[in-house]
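Novice: Next comes the sequence, and after it the predicted model I'd like to discuss.
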Amino acid sequence: MRILLAAVVVLAAALGVAGLVYGEADDSPGLQLLSALLVIGAVAVVARHARRPR
């Protein structure tokens, strides 16, 4: 389960960064916002999982 979570978070972060880059090139504020939220969500999932006691 831990490996699957890591893979999903890495994929979400990569898609978010790609969306930010593409949104900047295309001058699309909506895409940039959604991409930023995707990256922030991925970081929040990692932080929440790291704080959880084992």
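Specialist: Thanks, I have the structure now.

Novice: So what's the residue count around the nearest residue to V43 once chain neighbours are set aside?
Specialist: Distance criterion CB to CB, 6 or more residues apart in numbering; nearest residue to V43, sequence neighbours excluded, is A13 at 7.6 Å. C-beta here means a position set from N, CA and C on the backbone, and glycine is covered the same way. Neighbourhood size, A13 [other CB atoms under 10 Å]: 18.

Novice: so A13 is in which element?
Specialist: helix 2-26 (DSSP states H and E).

Novice: from the chain's centre, how far out does that helix sit?
Specialist: In terms of CA atoms, centre = their mean, to the nearest Å, the centre of helix 2-26 is found 5 Å from the chain centre.

Novice: can you list the residues that contact that helix?
Specialist: 28-32, 34-39, 41-43, 45-46, 49 (CB atoms under 8 Å, 6 or more residues apart in numbering).

Novice: What residues sit buried inside it?
Specialist: 9, 12-13, 16, 19-20, 23 (16 or more other CB atoms under 10 Å).

Novice: Remind me what the very next helix or strand once past that helix packs against, helices and strands.
Specialist: Per DSSP H and E, the first helix or strand lying C-terminal to helix 2-26 is helix 29-51. The contact analysis (3 or more CB pairs under 8 Å, 6 or more residues apart in numbering; DSSP states H and E) places helix 29-51 against helix 2-26.

Novice: which residues sit in contact with the most centrally placed residue in the chain?
Specialist: Among the residues of the chain, V39 comes closest to the average C-alpha position under CA atoms, centre = their mean, at 2.7 Å. Neighbouring residues of V39 by CB under 8 Å, 6+ apart: 12-13, 16-17, 20.

Novice: now swap in L34 and tell me
Specialist: G19.

Novice: now swap in Q32 and tell me
Specialist: With contact set as CB under 8 Å, 6+ apart, Q32 has these partners: 19-20, 23-24.

Novice: Now for S35, how many residues are close by?
Specialist: Neighbour tally, S35, other CB under 10 Å: 21.
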